[in-house]
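Undergrad: what's the 3D shape of this:
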Amino acid sequence: MNILVANDDGVFAPGIQALANALKPLGRVIVVAPEAERSGFSSALTLDRPLRPVQIMPDVWSVNGTPADCVYLALNGLFDIQFDLVVSGINSGANLGDDVLYSGTVGAAFEGRLMRYPSIAVSLVGSDVRQYQSAENYQAAAQWVHDFIAQGLPQIPERHILNINIPDIAQLNGAMVTYQGQRRQSKPISSHVDPRGHQVFWIGLSGEAVSEPQKQQQGLQSDFYAINHGFVSITPIQMDATNYEVLDQLHQQLGITS
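TA: Residues are numbered from 1 along each chain as shown. Below is the predicted model of the structure:
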């Protein structure tokens, strides 16, 4: 098995190092990741300048671009091998609910799926994970990913990926198949004046998770629920964002026939 590993935290991030090492018993693992952190880049591709892949050690490459750039290059001619799987992560921090719209970790996985490769995105969730400097902090999560892949990935439709969030706790309660939750509106931006007298802004923090009793009554639980109760969250998400439930209604409102 040939596995492509990417991320949005950068090629030297401890999460990607732990993941690559954990997956090596399954086959050849090739890492192609941004040269520096590119969090929040979603599925952005670099179109205004050339990309420069650099091999920094055997089967480890850095790219002066986005997470999606890395996967695009790797699957479109950078190597003369056929990959079997794309794994993006392990991200330092959650990718839950609406956050997947911005996530470079998820964007890299979607790029792999666009090329028709099975793809998963993996994140480690905890209050201190962004401070971790060692791959050892990610070993338990990386081993979970190894075991999940080794038992055989579930079949999901084309243009879908699995978004996996693993809580950073001593003992997991298991795994749950979840739906993508929602957050409340983000916190307001904060304005400051820098030492040179210029006004600067910080994007506000994410809003809290929204409780959805109707879905819970249907026996469904959100990714937020799983993490808060000590479970790994496995959410199938798709590229097609069309709301099919309102198509007919919109046709009638606009007076447009199919």
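
Undergrad: What residues sit buried inside stretch 223-243?
TA: Of all the residues in stretch 223-243, those buried under the rule 16 or more other CB atoms under 10 Å are 223-227, 231-235, 237. Glycine gets a C-beta too; all of them are placed from N, C-alpha and C.

Undergrad: Which two of those have the greatest separation?
TA: Phe231 and Ile237 (17.6 Å; CB to CB).

Undergrad: coming back round to it: the buried residues of stretch 223-243 in strands, which ones?
TA: Among the buried residues of stretch 223-243, the ones falling in strands (DSSP state E) are 232-235, 237.

Undergrad: ok, so of those residues, who is nearest Thr66?
TA: Ile237 (19.1 Å).

Undergrad: Can you convert the ones in strands among the buried residues of stretch 223-243 into a markdown table and add a column each for pLDDT and distance to Val31?
TA: Shown next, in a markdown table, are these (pLDDT from 0 to 100; distance: CB to CB, whole Å):
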| residue | pLDDT | distance to Val31 |
| --- | --- | --- |
| Val232 | 98 | 23 |
| Ser233 | 98 | 25 |
| Ile234 | 98 | 23 |
| Thr235 | 98 | 25 |
| Ile237 | 97 | 24 |
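
Undergrad: which one of the residues you listed is nearest Gln199?
TA: Checking these one by one against Gln199 (CB to CB), the nearest turns out to be Ile237, at 37.2 Å.

Undergrad: quick one, what contacts that closest one?
TA: 100, 106, 160-163, 180 (CB atoms under 8 Å, 6 or more residues apart in numbering).

Undergrad: again, only using 7 Å
TA: 100, 160-161, 163, 180 (CB atoms under 7 Å, 6 or more residues apart in numbering).

Undergrad: Mind giving me the ChimeraX select for those residues, buried ones only?
TA: Selecting only the buried entries of these in ChimeraX, with 16+ other CB under 10 Å as the criterion:
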select :100,160,161,163,180
